[in-house]
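Kindly return the folded structure for what I paste below:
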Amino acid sequence: MIELVSEDRCIQCKICVKVCPTNVFDTNEIGLPVIARQEDCQTCFVCEAYCPVDALYVSPFADELEHVQEETLIEKGLLGSWRAEIGWSKEREGSMPLRDTTHFLNSIRPTPGG
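Purely as a prediction, here's the structure:
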């Protein structure tokens with residue numbers, strides 16, 4: 001279940017809002033994604049996988065809250081760990097987010113200035 005949106009890391013690209021199949025996120029007055037319907041999260045990890053700055057943490061526990069602390073997640077290397085696990089890490093040359101050119105992704109990528 002989605003547990004954390006890091007305010008420090010988030011660049012307000014809204015990709016997580018757009019890719020979430022169950023509409024878990026809203027945005028606040030400054031454009032930061034907020035977890036609005038946590039109970040609707042299906043633990044699919046799509047938002048975490050597509051976050052370009054590793055600002056999200058989805059717990060592998062679908063039916064219980066984990067109550068995580070961002071500092072602990074950073075210390076344990078868990079922010080962005082799902083993306084790295086599936087080979088989508090920023091460090092890997094030709095990683096999937098850079099190679100994925102499907103029509104769906106092109107339609108949700110942020111445009112300059114918005």
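
hey, let's count contacts and neighbours off CA atoms from now on
Will do.

just checking, next helix/strand downstream of the helix or strand that contains E48?
In this structure, E48 is located in helix 46-50 according to DSSP states H and E. As assigned by DSSP H and E, the chain's next helix or strand after helix 46-50 is strand 56-58.

all strands for the chain, in order.
Remark: strands assigned in the chain by DSSP state E are 2-5, 25-27, 33-35, 56-58.

residues contacting E70?
Applying Cα atoms under 8 Å, 6 or more residues apart in numbering to E70 gives the contacts 4, 6.

and if you look at the one 3 residues further on?
Taking Cα under 8 Å, 6+ apart as the definition of contact, the neighbours of L73 are L79.

separation between it and V46?
According to Cα to Cα, to the nearest Å, L73 and V46 sit 18 Å apart.

so what's T43 up against?
Neighbouring residues of T43 by Cα under 8 Å, 6+ apart: 1-2, 58-62.

which ones are touching I11?
Counting by Cα under 8 Å, 6+ apart, I11 touches V53.

run the last query once more with 6 Å
Neighbour list for I11: empty [criterion: Cα atoms under 6 Å, 6 or more residues apart in numbering].

again with G80
D54.

burial measure for the nearest residue to C41 once chain neighbours are set aside, as a count.
Using Cα to Cα, 6 or more residues apart in numbering and skipping the chain neighbours, the partner closest in space to C41 is M1 (5.5 Å). Residues lying near M1 (other Cα atoms under 10 Å) number 21.
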